[in-house]
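# sequence isn't available, so here's the structure alone:
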């Protein structure tokens, strides 16, 4: 029975890792609510996002609960940045188009962007959005079209909607049909996952 569980677990790890989209990521920029951060990590795991970038310059990274968020964070790597230069350097080194969520006139609807391309989306602070020093460095501003009286989503809901659209586009483009990792990267990550 133990051996069967071990075999099933390994098969699941292999299957999930094969679906990870190494060229899709979110940047959490000074998001202060721990429930929002936890929910974003869960959405990242669910949609195959292997890494989250943290940009915390004037807000402390929140203390997260030990239950489901800890479980999701176990499978989603975290990269911290202290300033916009290190953040943008890391994203550009991976060939990412960098988008910022926004409600300005310069923002375009989510569906107008090609999210099957290597993409990083910056999710801003709950009250003020994405800080201006970051907006000035991005390739585009994005918003989610809404048709009700309220014209904003909670940041964790917005992250899930954006990742859902990215997953839809990537599915159509065949991006989930073969691993985005090289064989060497895949095997190295799998070895780490087996130990978790």
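The structure has been received and is ready for your questions. What you are looking at is a predicted structure, and each value in this text was computed from that prediction instead of being measured. Numbering: from 1, shown residues only.
# need the contact list for residue 81.
53, 54, 55, 87, 90 (CB atoms under 8 Å, 6 or more residues apart in numbering). (C-beta placed from N, C-alpha, C; glycine too.)
# and the last one, what does it touch?
With contacts taken as CB under 8 Å, 6+ apart, residue 90 has the following neighbours: 53, 79, 81.
# what's the closest of the residues you listed to residue 167?
Nearest to residue 167 among the contacts of residue 90: residue 53, at 18.9 Å, using CB to CB.
# tell me the SS of the residue nearest to the closest one when sequence neighbours are not counted?
For residue 53, ignoring the flanking residues on the chain, the nearest one in space by CB to CB, 6 or more residues apart in numbering is residue 27 at 4.4 Å. Look at residue 27: counting by DSSP: H, G, I helix; E, B strand; the rest coil, its state is strand.
# for residue 27, give the beta-bridge partners.
residue 53, residue 122 (DSSP bridges).
# where does pLDDT dip in this protein?
Counting by pLDDT under 70, the chain contains low-confidence ranges at 1-5, 65-70.
# helix, strand or coil for the closest residue to residue 193 other than its chain neighbours?
Using CB to CB, 6+ apart and skipping the chain neighbours, the partner closest in space to residue 193 is residue 13 (5.0 Å). With three-state DSSP as the basis, residue 13 sits in helix.
# enumerate every residue touching residue 13.
190, 193, 194.
# would you agree residue 131 is in contact with residue 56?
No: Residue 131 lies out of contact with residue 56 (CB atoms under 8 Å); the separation is 11.0 Å.
# now do the shared contacts for these two.
Both residue 131 and residue 56 are contacted by 29, 30, under the criterion CB under 8 Å, 6+ apart.
# is it correct that residue 63 is in contact with residue 34?
Yes: using CB under 8 Å, residue 63 makes contact with residue 34 at a distance of 6.1 Å.
# what about the two, which has more around it?
More neighbours surround residue 34 than the other of residue 63 and residue 34, with 14 against 8 (other CB atoms under 10 Å).
# all set, thanks.
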